[in-house]
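Asker: model the structure of this input:
(chains A, B, C and D)
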There are 2 protein chains.
Amino acid sequence: MTTLSEENYLKAIYHLGKQGEKAVSTNAIAEKIETKASSVTDMIKKLAEKNLVNYVKYQGVSLTNEGRLTAALVVRKHRLWEVFLVKKLNFSWDEVHDVAEQLEHIKSLKLVNELDAFLGFPTHDPHGDPIPDKDGNYTQTKSVNILEMEAGHEGVLSLVKDSSEMFLKYLNKNNLALGDVIKVLDFEPFDNSVTIQTKNKQIIISQQVAKNLCLNL
Amino acid sequence: MTTLSEENYLKAIYHLGKQGEKAVSTNAIAEKIETKASSVTDMIKKLAEKNLVNYVKYQGVSLTNEGRLTAALVVRKHRLWEVFLVKKLNFSWDEVHDVAEQLEHIKSLKLVNELDAFLGFPTHDPHGDPIPDKDGNYTQTKSVNILEMEAGHEGVLSLVKDSSEMFLKYLNKNNLALGDVIKVLDFEPFDNSVTIQTKNKQIIISQQVAKNLCLNL
DNA sequence: TCTTTTATTTAGTCCTACCTAAAAATATAT
DNA sequence: ATATATTTTTAGGTAGGACTAAATAAAAGA
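Answerer: Below is the predicted model of the structure:
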């Protein structure tokens, strides 16, 4: 049985391991979890002892199959609870993160699966992230980052990479939501900002914003 | 902010303090929480330090107003989650306890109150226990224990005092559920068993069972 | 009342998960 | 290639929350 803290480490490694298949560094984990590198080393040793991660001193860490499944099931719970909060309890997408961080650690197989059914087996959370199934698998829809598109093309906003309250509030303020049709009009080379059109309005978004928005073509 | 462990102690004192208004003993708490008396003493000191309990060495412990409110809000969450599990997620009343024990510690005011609304502001949990409101208050309906009734009288099963899985499974097996009309037929002096009638069937229940069933007249 | 039993508290440990400071390994730069 | 900087690990320590064993207070019995 994994502790709350162990689950948080596994989740961090899971997320960090996604982009680039190689081992995750101690410092990267420390930064993600907001803890010190020495604490990370301690915990990694414990997780290695439990066969949840592969660990070679000074060479970083990666999840074993068992560790990956454990992490995926935590992520599954997190995202299902987010859907519940938004769809059933009137939370807005910028309010769900902290509560879901707590709910994701509740241990009950029946609870997760009944919740899944109650919500109608959703495939994505309110930020467009895919929800792993009972076995930890999901199908990644290949959405494209705005910065990688060509001017003149359009798509449906389907994934918001940054789920921080601050960023989501920015999107709310600018009336941008998942499912919106967005047309990329122009790239400004000076500051890498992008002009987009949605709901018959044009707005300019910074590179930092564009980086976090992905469209389905 | 209270920790999970502190909340469990407050809850135990809250429940133990209900019957008989005097101070709760260290041993009683230890038994309820399934821990050792010495651990209880440690924790009580901490709670007294935080002004959540009144404590005099060797004289037992009682809740302060702040402690009682904190405990009541944990109980409120516990019972609301039980209603959710039974009404929305197809849990039976004997399956909810362990999960609710976890869910009761989730910290989010909005979550509790939205859940309350989502469930239609229920007043009682699946075992007939009253659900405290935002301020920790509830109205105790004065249901009567079967052992205190007279033969020939009847009422509606409205409170099951023992919420253990074993006892609830016994009730299921004998087709007894909250809301059933029960008529008390006879008291057997030899072993204090009781003959009752419900749904046109007569069954004999032991004193131990009868002790845990209360009816609304 | 005095003694025995029971309840409670204290003293000293342990484990988890964190920390700081120092040491060791790896990576980078000249 | 060697010196410097960065990353990672080790060593040692802290706080929360549990434990055992021993000491002390309160309650019960003779």
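
Asker: for A:Val160, see how far away A:Asn172 is.
Answerer: A:Asn172 sits at a distance of 11 Å from A:Val160 (criterion: C-beta to C-beta, to the nearest Å). Yep, even glycine has a C-beta here, placed from its N, CA and C like the rest.

Asker: which one's more surrounded, these two?
Answerer: Taking neighbours as other C-beta atoms under 10 Å in any protein chain shown, A:Asn172 and A:Val160 compare with A:Val160 leading, 21 against 13.

Asker: quick check: closest non-adjacent residue to that one.
Answerer: Closest residue in space to A:Val160, ignoring its immediate chain neighbours: A:His127 at 4.6 Å, by C-beta to C-beta, 6 or more residues apart in numbering or on different chains.

Asker: which helix or which strand is home to that neighbour?
Answerer: Secondary structure assignment for A:His127, by DSSP states H and E: no helix or strand.

Asker: need the residues of chain A near chain B, please.
Answerer: Taking C-beta under 8 Å from any C-beta of the partner chain as the measure of proximity, chain A contacts chain B at A:85, A:88-91, A:95, A:98-99, A:102-103, A:106-108, A:110-111, A:114-115, A:118.

Asker: strands along chain A, start to end?
Answerer: A:53-55, A:61-63, A:144-145, A:154-160, A:181-188, A:193-198, A:201-205, A:213-216 (DSSP state E).

Asker: need phi/psi at the residue nearest the centre of chain A.
Answerer: For chain A, the residue nearest the mean C-alpha position is A:Asp129 (5.7 Å; C-alpha atoms, centre = their mean). Main-chain dihedrals, A:Asp129, degrees, to the nearest 10: phi -80, psi 140.

Asker: if we can go back for a sec, make TSV from the strands of chain A and add mean pLDDT and distance to B:Asn137 to it.
Answerer: Below are the strands of chain A laid out as TSV (pLDDT from 0 to 100; distance: least, C-beta to C-beta, whole Å):
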stretch	mean pLDDT	distance to B:Asn137
strand A:53-55	97	49
strand A:61-63	97	49
strand A:144-145	94	53
strand A:154-160	90	42
strand A:181-188	93	50
strand A:193-198	94	49
strand A:201-205	93	50
strand A:213-216	92	48
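
Asker: can you tell if the lengthiest helix in chain A touches DNA strand C?
Answerer: The helix that spans the most residues within chain A, counting by DSSP state H, is helix A:65-88. No: contact of helix A:65-88 with DNA strand C (C-beta under 7 Å from any atom of the strand) is absent, the minimum separation being 13.7 Å.

Asker: and the gap between A:Gly179 and DNA strand C?
Answerer: 37 Å (C-beta to the nearest atom of the strand, to the nearest Å).

Asker: what does chain A put close to DNA strand C?
Answerer: Residues of chain A found near DNA strand C (C-beta under 7 Å from any atom of the strand) are A:3-6, A:35-36, A:38-39, A:42-43, A:46, A:57-58.

Asker: tell me how many other residues surround A:His105.
Answerer: 18.

Asker: one more: A:Val181?
Answerer: That count, for A:Val181 with other C-beta under 10 Å as the rule, works out to 12.

Asker: show me the contacts for the closest residue to it other than its chain neighbours.
Answerer: Distance criterion C-beta to C-beta, 6+ apart; nearest residue to A:Val181, sequence neighbours excluded, is A:Val156 at 5.8 Å. Applying C-beta atoms under 8 Å, 6 or more residues apart in numbering or on different chains, we find A:Val156 in contact with A:179-182, A:215-216.

Asker: show me what A:Val156 bridges to in the sheet.
Answerer: Counting by DSSP bridges, A:Val156 forms beta bridges with A:Val181, A:Asn216.

Asker: any idea how far the closest residue in space to A:Leu89 that isn't next to it in sequence lies from A:Val86?
Answerer: In space, A:Leu89 comes closest to B:Glu114 once its chain neighbours are excluded; the distance is 3.9 Å by C-beta to C-beta, 6+ apart. Using C-beta to C-beta, B:Glu114 is found at 11 Å from A:Val86.

Asker: ok, A:Leu217 next?
Answerer: 25 Å.

Asker: which of the two has more neighbours?
Answerer: A:Val86 (17 against 11).

Asker: for the more buried one, what are its contacts?
Answerer: Remark: with contacts taken as C-beta under 8 Å, 6+ apart, A:Val86 is in contact with A:92-93, A:96, A:126.

Asker: of these, just the buried ones, PyMOL syntax please.
Answerer: Buried members of these can be picked out in PyMOL with the line below, counting by 16 or more other C-beta atoms under 10 Å in any protein chain shown:
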select buried, chain A and resi 93+96+126
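
Asker: domain parsing of chain A, as residue ranges.
Answerer: Domain assignment of chain A by automatic domain parsing yields the ranges A:4-63, A:144-216.

Asker: got the ones you listed as JSON lines, with distance to DNA strand D columns?
Answerer: As requested, the domains of chain A are exported to JSON lines (distance: least, C-beta to the nearest atom of the strand, whole Å):
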{"stretch": "domain A:4-63", "distance to DNA strand D": "3"}
{"stretch": "domain A:144-216", "distance to DNA strand D": "22"}
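
Asker: next, format those domains as TSV and append distance to B:Leu168.
Answerer: Formatted as TSV, the domains of chain A follow (distance: least, C-beta to C-beta, whole Å):
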stretch	distance to B:Leu168
domain A:4-63	29
domain A:144-216	40
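
Asker: and stretch A:170-188, end to end?
Answerer: End-to-end distance for stretch A:170-188, by C-alpha to C-alpha, to the nearest Å: 21 Å.

Asker: show residues contacting that stretch.
Answerer: Contacts for stretch A:170-188 (C-beta under 8 Å, 6+ apart): A:92-94, A:126-128, A:146, A:149-158, A:160, A:193-199, A:201-205, A:209, A:213, A:215.

Asker: now list the buried members of these.
Answerer: Counted by 16+ other C-beta under 10 Å, the contacts of stretch A:170-188 give A:93-94, A:126-128, A:146, A:149, A:155, A:157-158, A:160, A:193-194, A:196, A:198, A:205, A:209, A:213, A:215 as buried.
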